[in-house]
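Novice: Pasting the sequence and the predicted coordinates here, then a few questions.
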Amino acid sequence: MKKKQFFYTFAAGIFAATMLAGWMFSSSFSVKADEQTGEISNSASTDNVSNEQAASDSQDENAAQLQQLLEEDGFYVQQGSFYELDTIKEASAGRLLSCFGNNAGSSYMVFNLPAAPEQDNAKGNPDYNWPDDPSTLYDDPDIENAPANPYFAPGGWQYKLKQDEAIVLITQLPPECKYYSFINYIMFTEQKTGKDYTNEKAFFSAGNEETGLYHPIFGSIGDSVNMVNIKHNGDSAYGSEAVIVISSNQSVTDKVTAQLTAAGYDESMINVMPIPADTYNMGLQKGADTFSFLGRISQPSDQDAYTDYTENLTANSVVYRVTPKEEIEAAPYENAVLTARGTGEHEISKLKNGSQHLDSIRKTIISQYEDEYDYEELSTDIAVPEGLTAYLNDRNALGDNRDTAYVMTKDFTLNSDDDFIVVYGVNHTQTEKALYSNAVLYARPMLNGVCSVYDSLFPGSADSYLEDNCGDADDYYVYKMARTQMDDYTALIEYSTGNEKGKFYGVDNGDTLLLAFRAYMDETNVGASYYEIVYDRAIVFHKK
């Protein structure tokens, strides 16, 4: 098998500080060990530049040694990258065909992986500034290649995996924030022969006759690895370093883990994220499933630290695609036993006279505007199926995450600049049914999140809608989304047309809209049970 020179073809603006060659990477993360106590502490002062450089050099050496050890153990090793994907920015620039219901105000991180050895790379479209998928380092012209992945911009962020391949991510963890997580996804699956997808929600087609015709599932695989359960070095789950190993073969995972520890990565920082091979259609063949990996960050404590983290994410991470030179016998993982949702206690039991207070809020909102406005009340229901359910039912899960409960409204429109929305309900953080919660306004068909309200803005918002003797008014919230600032508790809705940031940062009057609400992580450390929370509500007011 011949090794050829390897280049990435990037669309302008997608990647920053991307690694192009070999194993070298730099890191702004450093550790300093006290010589007497052995205790480890973070260090960023100018007095410790030499320590930082030493730590960076050490990590460079560890990554290089890992690659060498894996190659000596019979694997081909190809480097990818790990970077922040700004879905609204990329969609506005024409480089992303769906925003998949992005959580406005939060950020996402994805892989860019090369094709597998002896696999064609999918071709982009230069007319739309869509980059090719990165090609493989290993391509023997005498061997017929497996077909490319079905193309979906940006290149390289979804990929097929053989049953005996692995992906290794070595990365600095986010700075202190309200929430972060990493999770595997089944991204695209082949369209079923003879099935009519016309009326399926969020359906679109990817691929062609050569690759096969696919459609999105974007369904989570198992529980996430998050700031509560992640294995890492250092004393904190923020700013330290972690290793993630992804594979569907337990024997391969064992081999990779053994070489990681031999290269200097302690077992205490290695996280295994299995893909159950007997459930999904692994392989490089036409019609095999494609996968992706997604990191999330929400509400960093220090914006400057967060900016530094995202700008240096690629430089401070190493991603290896690990493929055996000779096929390794299947040793599939079973579907994991997931963390159960629910505590057995409904949220309403935590609120004194909760149903009466919600009804009082509703009546007060309506009475305030009904003389000048017609109104439309929007109830909510479960927004998306969980990942495995979506896969088995051949539906789009829109990038679900078991760490949250999602509810959403039906579609509606804002018909003039005078129209506005009121969202209201129980503050799930007050009842301890969520670590954080929010409401997001979306536009179809791109499902671009354009306006969000987080629970940090809720305190005081329900005061004027409840009587003084209601107890704690901050158990509830009332917030407006409007074109103009109506009061202190108003989130502004930007326009799409003429938006200097990009057209998908806003929506225009007449666009089809919906609202989605999230409640992230109760005391079980996954999303609350859908049958134990009070669903959020909304009212749309249209000027008469």
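Specialist: Nice, I can see it.

Novice: ranges for the helices of the stretch 351-500 of the chain?
Specialist: Counting by DSSP state H, counting those that start in this stretch, the stretch 351-500 of the chain has helices at residues 354-369, 387-393.

Novice: Serialize these to CSV and add fields for distance to residue 540.
Specialist: Every C-beta, even on glycine, is put in place using the N, C-alpha and C of the backbone. Formatted as CSV, these follow (distance: least, Cβ to Cβ, whole Å):
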stretch, distance to residue 540
helix 354-369, 11
helix 387-393, 29
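
Novice: Distance to residue 342 and mean pLDDT for the ones you listed - can I get that in TSV?
Specialist: Below are the helices of the stretch 351-500 of the chain laid out as TSV (distance: least, Cβ to Cβ, whole Å; pLDDT from 0 to 100):
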stretch	distance to residue 342	mean pLDDT
helix 354-369	19	96
helix 387-393	17	97
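
Novice: And these: which comes nearest residue 288?
Specialist: helix 387-393 (13.7 Å; Cβ to Cβ).

Novice: In that closest one, which residues are buried?
Specialist: 387, 388, 390, 391 (16 or more other Cβ atoms under 10 Å).

Novice: show me where the stretch 151-300 of the chain has strands.
Specialist: 166-172, 177-190, 206-208, 212-226, 241-247, 270-274, 290-300 (DSSP state E, counting those that start in this stretch).

Novice: quick revisit: looking at the helices of the stretch 351-500 of the chain, which is closest to residue 496?
Specialist: Minimum separation from residue 496 across the helices of the stretch 351-500 of the chain (Cβ to Cβ) falls at helix 354-369, 25.5 Å.

Novice: quick one: buried residues of that closest one?
Specialist: 354, 357, 358, 360, 361, 362, 364, 365.

Novice: what about the third one, distance to residue 425?
Specialist: Between residue 358 and residue 425 the computed distance is 7 Å (Cβ to Cβ, to the nearest Å).

Novice: Between the two, which contacts overlap?
Specialist: 476, 534, 537 (Cβ atoms under 8 Å, 6 or more residues apart in numbering).

Novice: contacting residues for the closest residue in space to residue 470 that isn't next to it in sequence?
Specialist: Leaving aside its chain neighbours, residue 470 sits nearest to residue 357 (5.7 Å; criterion: Cβ to Cβ, 6 or more residues apart in numbering). Neighbouring residues of residue 357 by Cβ under 8 Å, 6+ apart: 351, 466, 470, 471, 475, 476.

Novice: residues of stretch 116-123 that come out buried?
Specialist: Going by 16+ other Cβ under 10 Å, stretch 116-123 has these buried residues: 116, 117, 118, 119, 120, 121, 122.

Novice: among the helices of the stretch 351-500 of the chain, which is nearest residue 223?
Specialist: helix 387-393 (10.4 Å).

Novice: what's the most distant pair in the buried residues of helix 354-369?
Specialist: Pairwise across the buried residues of helix 354-369, and taking Cβ to Cβ, the largest span is found between 354 and 365, at 16.7 Å.

Novice: my guess is residue 130 meets residue 152, correct?
Specialist: No: with contact defined as Cβ atoms under 8 Å, residue 130 does not count as touching residue 152 (9.1 Å).

Novice: and the gap between the residue in the chain sticking out farthest from the centre and residue 541?
Specialist: Distance from the C-alpha centroid of the chain peaks at residue 371, with 43.0 Å (Cα atoms, centre = their mean). Noted for residue 371: a distance of 11 Å to residue 541, by Cβ to Cβ.

Novice: Also residue 81?
Specialist: 46 Å.
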